[in-house]
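**Student:** What follows is a predicted protein model with its sequence.
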Amino acid sequence: DCVIIGTPEPEIIWYFKEKPLKESHNKMLLFEGDKCSLVINEVRYADRGEYKCVAINPAGKAETAMTLEVEPLPVTDSYLTDESKMAPKKPDIPPMFVQNFEERIYYEGAEARLTCRVQGRPSPTVTWYKDDVQVAPTGHIRIVQIGDTHSLMFKHVGEEDYGIYMCVAANRAGSISRCGHVSLKG
């Protein structure tokens, strides 16, 4: 994630190994306000390397870089017996939020997104609630999951969207929830 602030609004370019990065089914560029994110759905060994986010406008250029390290999957030997192939089962881990959604005040008619990141083993399922009623997708509300990032997206926020929202993450090891308000501004 990068937070980009500039006037005029800068152009954002992501690079991978010094070449401009193009979106694909596996790599998505997300923009939310002044936050710019690169999401890699299924990380592969070939995805390892330096990623750079560059912001450019007439006032100048700013950039930040990070290196993604990926360990290769172990190679299995076909001659091993079934008993020796059995690896110890990894313990279940209850869900935990690694990023909570932020409470924001939205202008009526604006697009809005509540996003949280949740991890656990096995991967938790996430359910959204508004005022204790489960939220279902509609023509105006979408529920999106990309990896461990879960979002509730509104095409246009209206009076009916005002309220307390809860994100519940659960797996067989437990459950956790977080609440926040969606408020409207004039």
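**Tutor:** Great, that's in hand. Note that the structure is a prediction, hence the values are computed from the model and not measured. Residues are numbered from 1 along each chain as shown.
**Student:** Identify the bridge partners of the residue nearest to the spatial centre of the chain.
**Tutor:** Geometric centre of the chain, nearest residue: Thr149, 3.1 Å, by CA atoms, centre = their mean. Following DSSP bridges, Thr149 is listed with bridge partners Arg117, Ile146.
**Student:** Run through the residues that contact it.
**Tutor:** Contact analysis of Thr149 by CB atoms under 8 Å, 6 or more residues apart in numbering lists Val39, Gln99, Thr115, Cys116, Arg117. C-beta: built from backbone N, CA, C; applies to glycine.
**Student:** shouldn't the last one be in contact with His150?
**Tutor:** Yes. Between Arg117 and His150 there is a contact under CB atoms under 8 Å: 7.5 Å.
**Student:** ok, the strand ranked longest in the chain: who's next to it in the sheet?
**Tutor:** The residue-count maximum for a strand in the chain (DSSP state E) belongs to strand 174-185. Strands that pair with strand 174-185, judged by DSSP bridges, come out as strand 104-107 (parallel), strand 163-171 (antiparallel).
**Student:** Identify, out of the ones you listed, the most deeply packed stretch.
**Tutor:** Mean neighbours per residue, mean count of other CB atoms under 10 Å, is largest over those for strand 163-171, with a mean of 18.
**Student:** can you list the residues that contact that strand?
**Tutor:** 92, 94-95, 97, 101, 114, 116, 118, 120-132, 135, 150, 152, 175-182.
**Student:** can you rerun that using 7 Å?
**Tutor:** 92, 95, 101, 114, 116, 118, 120, 122-131, 150, 152, 175-182 (CB atoms under 7 Å, 6 or more residues apart in numbering).
**Student:** Could you point out the helix or strand that follows the helix or strand bottoming out on mean pLDDT in the chain?
**Tutor:** None of the helices or strands of the chain scores lower by mean pLDDT, DSSP states H and E than helix 82-85, at a mean of 50. On the C-terminal side of helix 82-85, the closest following helix or strand by DSSP states H and E is strand 93-99.
**Student:** Figure out how far that next one is from the centre of its chain.
**Tutor:** Distance of strand 93-99 from the chain centroid (CA atoms, centre = their mean, to the nearest Å) equals 13 Å.
**Student:** Identify the residues contacting it?
**Tutor:** 116-121, 124, 169-171, 173-176, 178.
**Student:** What's the ChimeraX line that selects buried ones from the contacts of Thr149?
**Tutor:** To isolate the buried subset of these in ChimeraX, counting by 16 or more other CB atoms under 10 Å, use the following:
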select :115,116,117
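**Student:** Widest-spaced pair of the contacts of Thr149?
**Tutor:** Val39 and Cys116 (13.9 Å; CB to CB).
**Student:** on that earlier part again, for the longest strand of the chain, buried residues please.
**Tutor:** The neighbour-count check on strand 174-185 (16+ other CB under 10 Å) flags Ile176, Gly180, Val182, Leu184 as buried.
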